[in-house]
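1. Give me a 3D structure for the following:
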Amino acid sequence: MAGFYFPDSSPTHGSGAARLSAGPLSSRMFSVACVVALHLAVGSLIVMQHREVPFLPEEPLHVSLVEEVVEPPPPPPPPPPPTLQMTPPPAPQLAMPVIPVPVVVPPNARPMAATPQPPVETVQGPPVPPPPPVKTVAGPPPDYAATLVMTLQRAKQYPLAARKQRQEGVAFVRFVMNRAGNILSVKLERSSGFPLLDEEAVALFGRVSALPPLPAELPDPMEMVIPIDFSISQGGRHRH
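-> From the prediction side, this is the model:
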């Protein structure tokens, strides 16, 4: 073992003494070198065990602030167009000919005679004479026309509502009278432009019991058209 020296067992004088003096010194140096090497080896192990693990950076976290756009699903394919099936028109049916069936009449059969109906007597009443034709002439004589107009003007009543509204006008009335002066029919021929005045022009004929009789030269009955004047300046009776 290093550090220990075993001298040779045979005693020698001279060179042996020199080896005895040099042996302990080299042995001590060798021992020191071994101790130093051992300490260095142990220190190296301790340093290697306490060596820091290198810091490995973490992988960066990627965050996207843009909203992911989700594409809509593609539209479904359009349905196939309907297939038109052409139906052939039905074949025309041939009309079957109608064959008349002969009627067999036995020889002893006699035709039935129709029962005669009694004649219907029509009772005719006496013939109705047609109404006398109404003759229209150019106009009555001036004196008779003045008397006729005066009679109608006395029976005329001015409507109060028409007077308040300052309504004026001339209404033409067609009437039929007989020779005795009786009025047979009356109707409005031309409007004055105001319904109140038109109604009064027809109504005044109902208030007249009879008109002056027709002159002999005028036909019977006679149809005439006479104007009925409504003027506020002329005055007259009021009708409420």
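2. Next up, the contacts around Glu200.
-> With contacts defined as CB atoms under 8 Å, 6 or more residues apart in numbering, the neighbours of Glu200 are 156-159, 162, 228, 230, 239. For glycine as for every other residue, the C-beta is placed from the backbone atoms N, C-alpha and C.
3. hang on, I meant Thr151
-> Applying CB under 8 Å, 6+ apart, the residues near Thr151 are 208, 211-212.
4. closest to Val32 among the residues you listed?
-> Minimum distance to Val32 across the contacts of Thr151 is 178.0 Å, recorded for Val208 (CB to CB).
5. gap between the closest one and Gly169?
-> 21 Å (CB to CB, to the nearest Å).
6. try Ile228
-> 9 Å.
7. Over to Pro142?
-> Distance from Pro142 to Gly169, by CB to CB: 24 Å.
8. Of these two, which one has the most company?
-> More crowded of Pro142 and Gly169, by other CB atoms under 10 Å: Gly169, with 17 against 8.
9. What's opposite that one in the beta bridge?
-> Phe230 (DSSP bridges).
10. pull the helix or strand with minimum mean pLDDT from this structure.
-> strand 237-239 (a mean of 58; mean pLDDT, DSSP states H and E).
11. and the nearest residue to Ser231 once chain neighbours are set aside, how many neighbours does it have?
-> Sequence neighbours aside, Glu168 is the residue nearest to Ser231 in space, at 5.5 Å (criterion: CB to CB, 6 or more residues apart in numbering). Counted with other CB under 10 Å, residues neighbouring Glu168 total 18.
12. Give me the pLDDT value at Glu168.
-> Reported pLDDT at Glu168 in the predicted model: 96.
13. so what's it up against?
-> 197, 230-232.
14. Weed out the non-buried ones from the residues you listed.
-> Among these, the ones that count as buried by 16 or more other CB atoms under 10 Å are 197, 230.
15. could the contacts of Glu168 be laid out in TSV, adding pLDDT and distance to Ser26?
-> Output for the contacts of Glu168, formatted as TSV (pLDDT from 0 to 100; distance: CB to CB, whole Å):
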residue	pLDDT	distance to Ser26
Leu197	96	172
Phe230	94	175
Ser231	92	178
Ile232	88	175
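16. what's the closest of the contacts of Glu168 to Ala41?
-> Looking across the contacts of Glu168 and measuring by CB to CB, the closest to Ala41 is Leu197, at 150.3 Å.
17. Now do the contacts for that closest one.
-> 159, 162, 167-169, 171, 230.
18. Relative to Leu184, which of those is nearest.
-> Distance to Leu184, by CB to CB, is smallest for Ala171 among those, at 19.7 Å.
19. Tell me which helix or strand the closest one sits in.
-> If you go by DSSP states H and E, Ala171 is part of strand 169-177.
20. buried stuff in that strand?
-> Result for strand 169-177 [16+ other CB under 10 Å]: buried residues 169, 171, 173, 175-177.
21. The helix or strand where Glu199 lies to strand 169-177, inter-axis angle?
-> Secondary structure assigned from DSSP H and E places Glu199 in helix 195-207. Angle, helix 195-207 to strand 169-177, by axes from the mean of the first three to the mean of the last three CA atoms, to 10 degrees: 30 degrees.
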